[in-house]
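Participant: Take a look and give me a structure for this.
(2 chains)
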Amino acid sequence: MSKITIPIGPQHPALKEPASFKITLNGEEIYSMDMRLGYNHRGIEKACEERSYIQGLYLIERICGICSHSHSTAYIQALEELAGLQVPKRGLYIRTLIAELERIHSHLLWLGVAAHEVGFDTLLMYTWRDRELVMDHLAEIGGNRVNYAVNTFGGVRRDLTPDEIAHILKDVDTLEERTKYYAQVATEESTLIARLSKVGVMSKTEAETLGAVGPTARACGVDRDVRRDDPYAAYGDVQFKVCVDDHCDVYGRVLVRVGELFESYNIIRQLLKNLPEGPIAVKSPRRIAAGEVFSRYEAPRGEDCHYVKSNGTDKPERVKIRAPTLANWRAVRKMIEGNYLADAPIIIAAIDPCFSCTDRAIELVRPAGGEVLTWDQLRRHGIEWHRQQGLDFAALNKKLNSHMGRVK
Amino acid sequence: MALFNILVFPGVFFLVIAGLWFEFVDRRMYARMQHRQGPPWFQPLADFIKLLAKETIIPEDANKTLFVAMPIVCLTATISAFFYIPMWNAQAVFSFPGDSIVVMYLLTIPTLTFFLAGWYSTSLYSTLGAVRSLTQLFAYEIPLFMAVLAPAMLANSWSLSGIAAYYTAHPLMALLNLPAFCVAMVTLLGKLEKVPFDIPEAETEIVAGAFTEYTGRHLALFRLSIDIEAIVAGSLVVAVFLPFGLALPWYLGIVVYLLKITLVVALIAILRTIMARLRIEQMVNFCWKILAPLALAQLLLNLVVKGFLKP
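Facilitator: Numbers count the residues shown, from 1 in each chain, chains lettered A, B, ... in the order given. Coordinates of the predicted model:
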C-alpha cells in the first residue's frame, strides 16, 4: 500500500471532543501527524474582561467539565493574592479536599477511557462505576456533579459536616481497595501490557524540551509537581510522595496515574484528620487595586497557569489561561511518530487531553475561495440581503417611528 | 422434506432464531460481567427490525452491485455450511465424504465478503478494515484448519458425520484433541472478529472497519450473518471436539446440543470480557508463533496415536 492520509476527527469514535488529526500512514505505521485544534473555542478569556471578578469565577469554572475546580482555584488564588486576602485555614483545607476528590475522579475517568481506547471495555465499566462514589461526594458537598462552585473570592462557599467527613473517609477506603485491584490488572493483564508497553515513547530530555507537564512528564522521569515545588492551598501541611516513573511510555503513564490515586487517598485522610475549626471564608472586596499575578496549580492533567491583571476597577484588565493540555500537544506529535495506527488513539488519550480547556483561538486556514468580512461589512451585507428579499429595515423603521409618533 | 430442512429446521428459520439468541446471550453475559444491566432478550431482534426500516445509503464511488450483493453472499455461505454439520446425532442433514473441507471453505467466504465489501466501499476506514480482515484471515485460518484436521485424521474420515460417528464409538479419544480444541476456540475469536481479535473493526481506530459505509438492511443482513456465523462455527467446533451425547434420543440430543453451543458462546463472552484488543502484528505473531505450532503438535500426537492403534 502507498502512503495514505487518514483523518481522525473532528468527529470520530475515539475522540470525546472535536479535534482533527490527519495521520499519514505507511501501511499500518504512522509516518507523520498533523493536527488542527480550535473547534471548541468559546472566547472565555475575553468574556472575563467584560465581567466582574466574581462573575468571571463562574465562567472560568466552566472552562473544563472534568477539572472545573482546578481552573477556578488557579484563578481565585491569583485574585486573593492581588487583593492581599488571607483565606482561613479551614477554607484552604476544604479547597484542597475538593481538588484531591477531583483528581481521583479525573484519573479514574482517564483509566476507563484509556482502557476503552485499547478495546478493554471491562476496565472502563469498572472504573466508571467506582468514579460514581467520588461524584456523589462532590455533589453532596457542592450540590453539583461537575461545576461544584465551592470556591469563592476569599475562601469556600460550603462547609463540611461531621457526617460528610465520615462518609468520605469510608468511601476512600472502598476506593483504595478497588484501586489496588486496578493496579493489579494494569500490571498483570498481559494483553493490556502488550498494548501499552513501548508505545508512545518519549525520553526525559524530549519531555523537558517539549515542555510536557503533569503525569505525561512524570512518566518520563521528570520529577516536577507544583503541589510540592510551590505549595498552595493546604499542600504545605500534608505529606505525600510525587509519583515518578521511568518507563517513558503509555504504560508508565498508567502507573503514575494509579500511583497518584493512592497518594490522593492519603492526602484526603490527612486533610480530614487535621481539619481545623473556624470560618471558611473572609469578606472580599469588590474592586482590586492595579497589579498582576501569575498563579500555578497542579491540575489532574498537569500544571495549570493563570495570569490575571487588574486595573483598580471591579473587572480584570486581562485574564490568560494556559491549560495543561496545551503544554502537552507538542509532546503528542513526538510520541506518535513511528507507532502503529492502532496505537494512535491511546497515545493521544495518554496525555488525558481536554480540548475545550485548550482551544483558544480560531485561525482561518484557507480564506481563498471565500472572503473575510469585518463585523461592519457583515452587518451591511445582512441589511442588503434582506432588502433584496423585499424587507427594508430602514423603511420599516421609518414607518414604525411615524406610527409611534401618531400614537403619541 | 428437503425444503423444510432448508427453510425451517435446521435451516434458515432455526439459524436466525439461534443467531439472535447467541447475540443476546453474548451481550447479556458481557454486560453482567461488567456490572451492567444488559439488554432485554428481544433486543437483537428489535435492533434487526429497526435496521431493516432504516434508510439505505450507498456511497457514490462504491461498486453498487458488489456493495449490495456481499451481505447476501455472506448470509448464504454461512447458512449453506450448516447443513453438513451434525448437531444432536452423528448424522448431518446432508453429508458426503470430504464435507469437512467444504464446510471450512464455506466458513472462509464471510471473511472474504467482509474484505470485498470494505474494499468496494472505497472509504478510507473501510479499506483499512478490509485489509486488516484479510491479514487476520491469513493468520488464523491455517491454525484453525490444522486444528480441525487433527481429529479428522484420528477418525480416518473427511466427513464431519464420519468424525462424529467415530468419536461416539470411541468417546475417550475425543479427550486427546483438547489442545486442538483450545486452538480452535481462540481462532474462532479471530473468525468472529471478537476482542482480542476485533482488529478489523476496532471502533476507536477505524470506526467500524469494513462496515463503516453500510447502513439499513444491508448492515442488518451483515450483522445477522455474523450472528449466524457464530452459531455455525460454534456447531463445527462442538461437532468436532465435543461429540458427546450424540447417541441420545433426539429430544435429549437437542437439549445437549443447545447446552454445548451455549457453552461455546459463554466462552467467547468470557474471553472478550477479560482481554484488551491486540494490534494486528501482535495477532499475526501470536497465531503463527503459538497457535500454529500447537496445532502442528496436535497433528503429530494424533499421527503417533494412530500408528499405535493401527495393528
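Participant: The closest residue to residue B:226 other than its chain neighbours: what's it in contact with?
Facilitator: Leaving aside its sequence neighbours, residue B:226 sits nearest to residue B:192 (Cβ to Cβ, 6 or more residues apart in numbering or on different chains; 6.9 Å). In short, each C-beta sits where N, CA and C put it, glycine included. For residue B:192, the contacting residues are B:226, B:229-230, B:233, B:268, by Cβ atoms under 8 Å, 6 or more residues apart in numbering or on different chains.
Participant: again, only using 10 Å
Facilitator: Residues in contact with residue B:192, defined by Cβ atoms under 10 Å, 6 or more residues apart in numbering or on different chains, are B:22, B:26, B:110, B:198, B:226-227, B:229-230, B:233-234, B:268, B:272.
Participant: where does chain A dip in pLDDT?
Facilitator: Chain A contains residues with pLDDT under 70 at A:1, A:360-370, A:406-408.
Participant: just the helices in chain B please.
Facilitator: Taking DSSP state H to define them, one finds helices in chain B at B:2-7, B:12-33, B:43-53, B:64-82, B:99-121, B:124-155, B:160-169, B:178-191, B:203-206, B:216-241, B:250-273, B:280-286, B:292-309.
Participant: would you turn the ones you listed into JSON lines with mean neighbour count?
Facilitator: JSON lines is the format used below for those (neighbours: other Cβ atoms under 10 Å in any protein chain shown):
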{"stretch": "helix B:2-7", "mean neighbour count": "12"}
{"stretch": "helix B:12-33", "mean neighbour count": "19"}
{"stretch": "helix B:43-53", "mean neighbour count": "15"}
{"stretch": "helix B:64-82", "mean neighbour count": "19"}
{"stretch": "helix B:99-121", "mean neighbour count": "22"}
{"stretch": "helix B:124-155", "mean neighbour count": "22"}
{"stretch": "helix B:160-169", "mean neighbour count": "22"}
{"stretch": "helix B:178-191", "mean neighbour count": "21"}
{"stretch": "helix B:203-206", "mean neighbour count": "25"}
{"stretch": "helix B:216-241", "mean neighbour count": "24"}
{"stretch": "helix B:250-273", "mean neighbour count": "17"}
{"stretch": "helix B:280-286", "mean neighbour count": "18"}
{"stretch": "helix B:292-309", "mean neighbour count": "15"}
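Participant: so which of those comes closest to residue A:287?
Facilitator: For residue A:287, the closest of those is helix B:203-206, at 50.2 Å, according to Cβ to Cβ.
Participant: Can you give the distance of stretch B:103-111 from its chain's centre?
Facilitator: Stretch B:103-111 sits 9 Å away from the centroid of its parent chain (Cα atoms, centre = their mean, to the nearest Å).
Participant: Kindly report the same for stretch B:237-256.
Facilitator: Counting by Cα atoms, centre = their mean, stretch B:237-256 comes out at 19 Å from the chain centroid.
Participant: now do stretch A:48-59
Facilitator: 18 Å.
Participant: Could I get the CA-only coordinates of it as CSV?
Facilitator: Extracted C-alpha coordinates of stretch A:48-59, given in CSV (Å, rounded to 0.1, in the frame of the first residue of the first chain):
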residue,chain,number,x,y,z
CYS,A,48,-13.9,37.6,31.6
GLU,A,49,-12.8,41.2,30.8
GLU,A,50,-16.4,42.1,30.4
ARG,A,51,-17.5,40.7,33.8
SER,A,52,-16.8,41.4,37.4
TYR,A,53,-14.3,39.2,39.2
ILE,A,54,-16.9,37.1,40.9
GLN,A,55,-18.9,36.6,37.7
GLY,A,56,-15.6,35.6,35.9
LEU,A,57,-15.1,32.9,38.5
TYR,A,58,-18.3,31.1,37.5
LEU,A,59,-17.3,31.5,33.9
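Participant: Check the closest residue to chain A within the stretch 101-250 of chain B and give its pLDDT.
Facilitator: Residue of the stretch 101-250 of chain B nearest chain A, by Cβ to the nearest Cβ: residue B:204 (3.9 Å). Note for residue B:204: predicted pLDDT of 71.
Participant: Over to residue B:311?
Facilitator: Per-residue pLDDT puts residue B:311 at 58.
Participant: looking at it, residue B:67 is touching residue B:213, isn't it?
Facilitator: Yes - assessed by Cβ atoms under 10 Å, residue B:67 is found in contact with residue B:213 at 7.9 Å.
Participant: Return every residue with contacts to both of the two.
Facilitator: With Cβ under 10 Å, 6+ apart, residue B:67 and residue B:213 have common neighbours B:58-59, B:117, B:120-122.
Participant: want to throw these into CSV with distance to chain A?
Facilitator: Output for the shared contacts of residue B:67 and residue B:213, formatted as CSV (distance: Cβ to the nearest Cβ, whole Å):
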residue, distance to chain A
B:58, 21
B:59, 16
B:117, 18
B:120, 16
B:121, 15
B:122, 12
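Participant: Looking at these, which is nearest residue B:144?
Facilitator: Using Cβ to Cβ, residue B:117 is the member of the shared contacts of residue B:67 and residue B:213 that lies nearest residue B:144, at 21.7 Å.
Participant: Excluding covalently adjacent residues, which one is nearest to residue B:215?
Facilitator: Per Cβ to Cβ, 6+ apart, closest to residue B:215 is residue B:57, 4.8 Å.
Participant: quick one: contacts for residue A:177?
Facilitator: residue A:130.
Participant: give me that answer again for 7 Å
Facilitator: Going by Cβ atoms under 7 Å, 6 or more residues apart in numbering or on different chains, residue A:177 touches no other residue.
Participant: ok but residue A:148 is inside a strand, no?
Facilitator: No - secondary structure of residue A:148 (DSSP: H, G, I helix; E, B strand; the rest coil): coil, not part of a strand.
Participant: Excluding residues flanking it in the chain, which one is nearest it?
Facilitator: Once flanking residues are discounted, residue A:148 sits nearest to residue A:142: 2.8 Å by Cβ to Cβ, 6+ apart.
Participant: residues in contact with residue B:244?
Facilitator: residue B:171.
Participant: How much space separates it from residue B:152?
Facilitator: 18 Å (Cβ to Cβ, to the nearest Å).
Participant: How about residue A:249?
Facilitator: Going from residue A:249 to residue B:152 by Cβ to Cβ gives 45 Å.
Participant: pull the CA atoms of whichever strand or helix holds residue A:253 into PDB?
Facilitator: For residue A:253, the host element (DSSP states H and E) is helix A:250-273. Output in PDB follows, covering the C-alpha atoms of helix A:250-273 (Å, rounded to 0.1, in the frame of the first residue of the first chain):
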ATOM      1  CA  VAL A 250       2.000   4.800  27.900                       C
ATOM      2  CA  TYR A 251       2.400   2.000  30.500                       C
ATOM      3  CA  GLY A 252       4.400   4.400  32.600                       C
ATOM      4  CA  ARG A 253       1.600   7.000  32.400                       C
ATOM      5  CA  VAL A 254      -0.900   4.400  33.700                       C
ATOM      6  CA  LEU A 255       1.400   3.600  36.600                       C
ATOM      7  CA  VAL A 256       1.900   7.300  37.500                       C
ATOM      8  CA  ARG A 257      -1.800   8.000  37.500                       C
ATOM      9  CA  VAL A 258      -2.700   4.900  39.500                       C
ATOM     10  CA  GLY A 259       0.100   5.800  42.000                       C
ATOM     11  CA  GLU A 260      -1.300   9.400  42.200                       C
ATOM     12  CA  LEU A 261      -4.700   7.900  43.100                       C
ATOM     13  CA  PHE A 262      -3.200   6.200  46.200                       C
ATOM     14  CA  GLU A 263      -1.400   9.500  47.100                       C
ATOM     15  CA  SER A 264      -4.700  11.300  46.800                       C
ATOM     16  CA  TYR A 265      -6.400   8.900  49.200                       C
ATOM     17  CA  ASN A 266      -3.600   9.600  51.700                       C
ATOM     18  CA  ILE A 267      -3.900  13.300  51.300                       C
ATOM     19  CA  ILE A 268      -7.700  13.200  51.800                       C
ATOM     20  CA  ARG A 269      -7.200  11.200  55.000                       C
ATOM     21  CA  GLN A 270      -4.600  13.700  56.400                       C
ATOM     22  CA  LEU A 271      -6.800  16.700  55.500                       C
ATOM     23  CA  LEU A 272      -9.900  15.300  57.100                       C
ATOM     24  CA  LYS A 273      -8.000  14.200  60.200                       C
END
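Participant: Nothing else from me, thank you.
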